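Participant: sequence and predicted structure are below.
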Amino acid sequence: MQDLYIYINKNDVDTCLKYGIKLSEYSNKILKLQNIEKRGIHAFLSPKDSDLYIDENYQCIRVNTKDLIIIIYNKLCENTSLINEFCCDITEYTIGDYELPEAIICSSILPENLSIYNKILDKPLLVQNSREFYYEKSINDILDSDKFSKYELYQMLLILGDQKKVFKVEKKENLKLYKDPINGKIYTKRSN
């Protein structure tokens, strides 16, 4: 992973870009790993992973990860006994391994590793939203494992669609018809 994203108060952006970001000044995250507190700068794998993406008071900064000490962890496991199983060095992390991945940068960041992230003209992102990518990857892994037949998945999706009121359901003879009101497509299922 070549880049991470941090959010800096707009008043501090010019200073950070000019002089870098000292860990001692900008440390804003403490992560307890194996009874040791790791202090660092909170970072994200994608700009949209943070609620600050739409906050006008903050600027998203792209951080080149070269020569930095970085830990990736699953936010869902933070403050639980599972955190040690769901954290790793950035070099060991594969995109999509954690449901809610976040990072902690445990070293100061030189100015040459920093640049302003431009929402419109920046280089393309590998992942737009880490959580959605995790779900997509996990679903594909489950499908590829052939543990569930296509029939079973089809049945589950129809049941879920019925529960969520996504479909208009009708019973005719020994069939249930699931009609998608948006595109008019009708799915069939044998009725018990």
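Facilitator: Received, thanks.

Participant: quick one: contacts for the residue nearest to the spatial centre of the chain?
Facilitator: The residue lying closest to the centre of the chain (C-alpha atoms, centre = their mean) is residue 130, at 2.0 Å. Neighbour list for residue 130: 44, 45, 46, 49, 95, 96, 98, 100, 101 [criterion: C-beta atoms under 8 Å, 6 or more residues apart in numbering]. To be clear about C-beta, it is placed using only N, CA and C from the backbone, and glycine gets the same treatment.

Participant: rerun at 6 Å
Facilitator: Residues in contact with residue 130 (C-beta atoms under 6 Å, 6 or more residues apart in numbering) are 45, 46, 49, 101.

Participant: just the buried residues out of these, in ChimeraX syntax.
Facilitator: Typed into ChimeraX, the next command selects the buried ones out of the contacts of residue 130 (criterion: 16 or more other C-beta atoms under 10 Å):
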select :45,46,49,101
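
Participant: between the contacts of residue 130, which is nearest residue 73?
Facilitator: The closest of the contacts of residue 130 to residue 73 turns out to be residue 101 (C-beta to C-beta; 7.3 Å).

Participant: separation between the closest one and residue 62?
Facilitator: Distance, residue 101 to residue 62, by C-beta to C-beta, to the nearest Å: 17 Å.

Participant: just the strands from this structure, written as ranges.
Facilitator: With strands called from DSSP state E, the chain shows them at 3-9, 29-33, 36-43, 58-64, 70-74, 87-89, 101-105, 114-116, 168-172, 175-179, 186-190.
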